[in-house]
Every structure is written in C-alpha cells, then in structure tokens.
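K.L.:
only geometry, no sequence info:
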C-alpha cells in the first residue's frame with residue numbers, strides 16, 4: 001500500500017507541471033525553464049540518491065550507451081513537453097504525450113527484446129493515431145496547435161525510449177537509484193547553454209517560484225517517491241496509477257486555467273487516454289493464457305512453413 005501511495009503522489013506532482021507553467025506566466029523560454037528545472041532537481045536527486053557503488057555500476061561496459069541514451073531522451077522529453085504545454089495548453093499536451101508513450105514503448109520492446117505486441121498495444125496504437133489526428137483536424141474550434149502536438153508526440157516518444165533504456169539498465173545490473181539522478185542532471189547540463197542564450201523570466205519572482213516548484217516539488221520529490229514506490233508494484237499497477245498525471249493536468253487546466261478544447265479535440269484527447277487505459281488494465285489470467293496460446297500457434301505455424309526455394 002505504501003508503494004501505491006508513493007507512486008500516486010508522484011503522479012499527482014507530475015500532473016501539475018503543465019498547469020504550473022501556464023499559471024505562473026513567467027515568460028521564461030521553455031528550453032531555459034527545462035534546463036533550470038533539470039539542473040536544480042537533478043543536483044538534489046544526486047545528493048539524496050546516488051552512492052559511489054551504484055554510480056560505478058553505470059560505468060560498466062555495455063551500460064554506458066544506455067546511460068547516454070537515457071540522458072539524451074530525458075533532455076528531449078523535458079524540452080519538448082514544456083514546449084507542447086506553451087503551445088497547446090496543459091490538458092491537450094499531456095494527453096498527446098502520454099497517449100504516445102505506450103506506442104513507442106511497445107515498439108522499443110519489440111526491437112530490443114523481441115516482445116510481441118499484444119492486442120491491447122494494437123488498440124492503444126489505434127487510439128493514439130486517431131486521437132492525434134482529431135486534435136490536428138483543421139477547421140475545428142479549439143483544436144490543438146500543430147507544432148504543439150508535434151512537441152507532445154516527440155516528448156511521448158522520448159519518454160517511451162527512456163522506459164526502454166531504464167529496463168535495459170536494470171536488466172544489465174545497473175543501479176536504477178543512481179540512473180535517474182544521473183539522467184536528469186546530465187540532461188540539465190546538456191541543455192544548460194540555453195540559460196545563457198535565453199535567461200529572460202527566470203530571475204523574476206514568478207520565474208524563480210516556478211523553477212523551485214518544478215525542480216524540488218515535481219522533479220526531486222516526484223522521482224524520489226516514484227523510485228521508492230515502484231519496486232514492489234506490477235507494471236500494470238504502475239501504468240494505472242500513472243493515469244493520474246494526465247487526469248490532474250486536465251482537471252487543473254479546465255478548472256483553474258480556463259482551457260476549453262473544442263468538441264473534436266476533446267474526443268481526440270479521450271481517445272488518447274482511452275488507449276493508455278487499455279494497456280494499463282491488469283491482464284486477467286484467462287485472457288493472458290489465451291493470448292499466450294495464440295502467440296504459440298503463430299510461432300509454430302511460422303516454424304512449420306517451408307523454406308523458400310533458392311534461385
């Protein structure tokens with residue numbers, strides 16, 4: 001139960017990122033804001049979570065490339081998500097981002113581990129494609145910004161790759177308590193030149209308060225709670241609890257920020273979240289056994305198929 005509460009609170013904190021960015025109205029550039037958030041939050045996480053022994057596991061041969069990959073996609077996620085929020089609002093940008101995650105994580109599982117996509121993954125992919133198409137449908141009042149939706153898809157793709165990289169690190173013996181802070185701090189250092197190029201808005205009272213909340217509340221505390229709680233939970237449970245994040249962003253966007261997406265955009269957002277629900281539901285034993293039998297039949301049929309004749 002403590003694990004459920006920790007992951008749930010982390011999802012609530014993460015759900016406030018987009019609404020807080022809009023509500024603060026600091027005028028800070030999204031890239032600079034993301035850099036400040038990652039640098040401060042990553043530094044706090046490193047002090048609290050990283051130990052020398054855990055850090056050494058990330059330097060082993062075969063793990064370094066996954067550490068580099070996690071740094072790159074963490075930077076891409078932070079920058080693209082904040083750009084999406086600025087252009088499309090908190091509700092639609094969060095729905096686009098997290099509706100894309102299952103699609104990309106499923107593809108990564110197929111490429112890296114040979115995991116066969118399930119029917120649920122197919123349903124989630126269909127929902128994501130149709131949902132994003134509706135968000136971009138021309139002539140609909142309240143539709144999402146085209147570039148903003150593109151940033152949302154990019155941030156969702158980056159997060160999906162981050163999940164795959166984290167799985168690879170864990171499977172190869174890497175310390176995940178050290179991996180998360182290293183990814184966040186490394187991503188902040190990577191994007192830090194933006195602080196010199198576009199520092200406007202960060203030093204104001206609103207900008208400073210926003211950076212402190214995003215860095216300490218949503219990054220440091222959020223990652224700490226998620227890491228402490230996720231260990232004893234199933235992937236399906238974590239996926240279900242993570243639905244709280246887009247839910248919180250949507251409620252805050254509508255209730256506090258006055259966001260009013262048009263009817264077609266609402267349908268698109270619902271489809272995106274519906275796909276996320278589909279892949280997050282716990283699998284029933286009978287359904288899981290039936291899917292396993294179908295996969296075995298397909299594999300046996302492929303093995304029994306005669307080899308094509310040579311030229």
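P.N.:
In hand now; what should we look at? Everything numeric in this text was worked out from a predicted model, so none of it was measured.
K.L.:
Reduced to three states, what does residue 265 come out as?
P.N.:
Classification of residue 265 using DSSP: H, G, I helix; E, B strand; the rest coil returns helix.
K.L.:
now swap in residue 174 and tell me
P.N.:
Residue 174 ends up coil, using three-state DSSP.
K.L.:
Quick check: pLDDT value at it.
P.N.:
The model reports residue 174 with a pLDDT of 88.
K.L.:
what about it, neighbour count?
P.N.:
A total of 25 residues lie near residue 174 under the criterion other C-beta atoms under 10 Å. In this view, the C-beta of every residue, glycine as well, is placed from N, C-alpha and C.
K.L.:
try the one 4 residues further on
P.N.:
The local packing count at residue 178 equals 23, with neighbours defined by other C-beta under 10 Å.
K.L.:
repeat for residue 104
P.N.:
Residue 104 is flanked by 21 other residues according to other C-beta under 10 Å.
K.L.:
and the closest residue to it other than its chain neighbours, what does it touch?
P.N.:
Spatial nearest neighbour of residue 104, excluding adjacent residues (C-beta to C-beta, 6 or more residues apart in numbering): residue 160 at 2.9 Å. When contacts are counted by C-beta atoms under 8 Å, 6 or more residues apart in numbering, residue 160 touches 100-105, 107-108.
K.L.:
got it, and residue 274?
P.N.:
Contacts of residue 274 (C-beta under 8 Å, 6+ apart): 127, 131.
K.L.:
that older thread, just curious, which of the contacts of residue 160 is nearest to residue 69?
P.N.:
Minimum distance to residue 69 across these is 10.6 Å, recorded for residue 108 (C-beta to C-beta).
K.L.:
What is the neighbour count of the closest one?
P.N.:
Residue 108: 20 neighbours (other C-beta under 10 Å).
K.L.:
Report pLDDT for it.
P.N.:
82.
K.L.:
how distant is the host helix or strand of it from the center of its chain?
P.N.:
In the assignment (DSSP states H and E), residue 108 maps to helix 90-113. Distance of helix 90-113 from its chain centroid, counting by C-alpha atoms, centre = their mean, to the nearest Å, is 7 Å.
K.L.:
immediately after it, which helix or strand?
P.N.:
helix 119-135.
K.L.:
one step back: and the contacts of residue 160 as a markdown table, adding distance to residue 129?
P.N.:
Shown next, in a markdown table, are these (distance: C-beta to C-beta, whole Å):
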| residue | distance to residue 129 |
| --- | --- |
| 100 | 10 |
| 101 | 14 |
| 102 | 12 |
| 103 | 8 |
| 104 | 12 |
| 105 | 16 |
| 107 | 13 |
| 108 | 17 |
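K.L.:
Next one: the residue nearest to residue 104 from residue 11, what distance?
P.N.:
17 Å (C-beta to C-beta, to the nearest Å).
K.L.:
swap in residue 220?
P.N.:
Residue 220 is 16 Å from residue 11, by C-beta to C-beta.
K.L.:
Tell me which of those two has more neighbours.
P.N.:
residue 220 (25 against 22).
K.L.:
From what I see, that one and residue 48 are in contact.
P.N.:
Yes - if you go by C-beta atoms under 8 Å, residue 220 and residue 48 touch, sitting 7.3 Å apart.
K.L.:
Quick check: which ranges of the stretch 151-300 of the chain have low pLDDT?
P.N.:
231-240, 276, 279-300 (pLDDT under 70).
K.L.:
And the helices in it, which stretches?
P.N.:
176-191, 193-197, 205-212, 222-230, 235-242, 244-255, 263-280, 285-304 (DSSP state H, counting those that start in this stretch).
K.L.:
list the buried ones in the third one?
P.N.:
Within helix 205-212, the residues that count as buried by 16 or more other C-beta atoms under 10 Å are 207-208, 210-211.
K.L.:
Redo those residues as JSON lines? Include distance to residue 88.
P.N.:
Listed next are the buried residues of helix 205-212 as JSON lines, based on distance: C-beta to C-beta, whole Å:
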{"residue": "207", "distance to residue 88": "21"}
{"residue": "208", "distance to residue 88": "26"}
{"residue": "210", "distance to residue 88": "19"}
{"residue": "211", "distance to residue 88": "22"}
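K.L.:
what's the closest of the residues you listed to residue 168?
P.N.:
Using C-beta to C-beta, the buried residues of helix 205-212 come closest to residue 168 at residue 211, 31.5 Å.
K.L.:
tell me the SS of the residue lying closest to the closest one once chain neighbours are set aside?
P.N.:
For residue 211, ignoring the flanking residues on the chain, the nearest one in space by C-beta to C-beta, 6+ apart is residue 36 at 4.7 Å. Using three-state DSSP, the structure places residue 36 in helix.
K.L.:
Report the contact partners of residue 36.
P.N.:
Counted by C-beta under 8 Å, 6+ apart, residue 36 has contacts 28, 188, 195, 202, 211, 214-215.
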